Every structure is written in structure tokens, then in C-alpha cells.
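*Asks:* What would the 3D arrangement of this be:
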Amino acid sequence: MNTRLYVGNLSYDTTDDGLREAFQQIGPVRDATVITDRYSGRSRGFGFVEMENEQAAAEAIAQLNETVLDGRTIRVAEASPRPSGGGGRDDRSSSYDRW
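*Replies:* This next block holds a predicted model:
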């Protein structure tokens with residue numbers, strides 16, 4: 001099991017510190033981050049928590065999934081790894097090499 005957890009359906013009022021405090025009740029937290037929009041700075045409604053070990057991560061999922069934090073029922077699950085690859089444009093969307 002991964003020690004990095006996805007936390008979804010967060011209130012827009014939830015902060016990094018509030019997220020950390022909720023998960024520290026279960027076990028030691030390495031990092032807690034609410035993801036924000038890069039332009040507005042507003043929460044995007046989800047975040048990530050990295051627990052100190054796999055046992056604490058499993059306990060956090062079992063105890064905190066479908067519980068209320070800051071007035072919202074949160075979803076807690078093991079975080080999926082980011083897909084590799086770049087994003088950006090693929091060859092089909094470029095018209096430059098067709099000339």
C-alpha cells in the first residue's frame with residue numbers, strides 16, 4: 001500500500017493545516033496539501049496527505065473515508081500515481097509539419 005492518500009470532496013474552506021490536523025488523529029503525517037487553482041488561489045476541492053507509514057495510511061482510509069470535515073463528507077483513498085507522459089500537443093494536432 002502507498003502512504004500517499006487522495007482526499008476528495010473537501011470544503012473550499014479546508015486548509016493544509018486543517019487537513020493535517022484531521023489526519024494526525026490517526027497517525028503521523030509527513031505532508032498535507034490542499035490543491036489550489038494556480039490563478040485564483042481557490043481550493044479545487046481535493047488534496048493529498050502523506051502518512052508516515054502504510055499502517056497509518058490504511059487506518060486513515062478506514063476511519064476517515066465518508067466522514068465529515070468542515071461540513072463536507074470527504075472521500076479518502078489511496079492516491080494513484082500520476083500518469084507518465086507529457087501532456088501538450090500530439091503530432092495530429094500540429095499543422096506545421098504538413099507543409
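*Asks:* Check which element follows the longest helix along the chain along the chain.
*Replies:* Among the segments of the chain that qualify as a helix by DSSP state H, the longest is helix 54-64. Using DSSP states H and E, the helix or strand that directly follows helix 54-64 along the chain is strand 68-69.
*Asks:* Name every strand pairing with that next one and say which way it goes.
*Replies:* In the sheet, strand 68-69 lines up against strand 72-73 (antiparallel) (DSSP bridges).
*Asks:* Contacts for the strand it pairs with, please.
*Replies:* Contacts with strand 72-73, where a contact means Cβ atoms under 8 Å, 6 or more residues apart in numbering, come from 9-11, 14, 66-67. C-beta here means a position set from N, CA and C on the backbone, and glycine is covered the same way.
*Asks:* how does it look with 10 Å?
*Replies:* For strand 72-73, contacts defined as Cβ atoms under 10 Å, 6 or more residues apart in numbering pick out 8-14, 45, 65-67.
*Asks:* ok, of those, which come out buried?
*Replies:* Buried members of those, counted by 16 or more other Cβ atoms under 10 Å: 10-11, 14.
*Asks:* what about the protein, any weak spots by pLDDT?
*Replies:* Within the chain, the stretches with pLDDT under 70 are 1, 85-99.
*Asks:* mind listing the helices for it?
*Replies:* Secondary structure of the chain (DSSP H): helices at 16-24, 54-64.
*Asks:* got a list of contacts for the first one?
*Replies:* The one in question is helix 16-24. Under Cβ under 10 Å, 6+ apart, the answer for helix 16-24 is 5, 7, 10-11, 14-15, 29-34, 36, 47-51, 56-57, 59-60, 63-64, 67, 69-70, 74, 76.
*Asks:* next one: the last one
*Replies:* Contacts of helix 54-64 from elsewhere in the structure, counted by Cβ under 10 Å, 6+ apart, are 1-7, 22-30, 49-51, 53, 74-79.
*Asks:* follow-up on the earlier one: which one among the contacts of strand 72-73 gets closest to residue 84?
*Replies:* The shortest approach to residue 84 among these belongs to residue 8, at 22.6 Å (Cβ to Cβ).
*Asks:* Brilliant, that's me finished.
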